[in-house]
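Q: Quick one, what's the 3D model for this:
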Amino acid sequence: MDTTKLLESISKKLGVLIALDLLSMNNKATATDNIKMLDRFGLTPVEIAEILNTTANHVSVTKSIIKKNNKK
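A: As a prediction, the model looks like this:
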């Protein structure tokens with residue numbers, strides 16, 4: 001693995017750790033809010049689903065709804 005890819009991987013993982021910490025502190029956040037935040041870190045629907053204990057399909061559908069609502 002070259003240095004650039006290694007640094008990108010480390011950065012992504014640090015972002016996830018920060019997001020998880022925020023999730024644990026913010027009990028009022030909705031599933032949609034959590035999916036938005038984790039998606040911003042570049043996680044795949046499968047990765048987000050594992051973190052939020054849901055299915056990748058649920059994450060994908062939620063992301064589609066978010067995208068649709070942002071276009072309005």
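
Q: Show me where the chain has its helices.
A: 3-25, 31-40, 45-52, 56-71 (DSSP state H).

Q: Name the nearest residue to Thr62, sequence neighbours excluded.
A: Ile35 (5.0 Å; C-beta to C-beta, 6 or more residues apart in numbering). Quick note: C-beta positions are derived from backbone N, CA and C, even for glycine.

Q: thinking again about what came up before, in TSV, list the helices of the chain along with mean pLDDT.
A: Shown next, in TSV, are the helices of the chain (pLDDT from 0 to 100):
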stretch	mean pLDDT
helix 3-25	82
helix 31-40	89
helix 45-52	88
helix 56-71	94
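
Q: Can you give me the separation between the residue of the chain most remote from its centre and Gly15?
A: In the chain, the residue that sits farthest from the middle, by C-alpha atoms, centre = their mean, is Asp2; the gap is 25.0 Å. Counting by C-beta to C-beta, to the nearest Å, the gap from Asp2 to Gly15 is 20 Å.

Q: With Leu7 instead?
A: Leu7 is 12 Å from Gly15, by C-beta to C-beta.

Q: same question, Phe41
A: Counting by C-beta to C-beta, the gap from Phe41 to Gly15 is 4 Å.

Q: do Glu8 as well
A: For Glu8 relative to Gly15 (C-beta to C-beta), the value is 11 Å.
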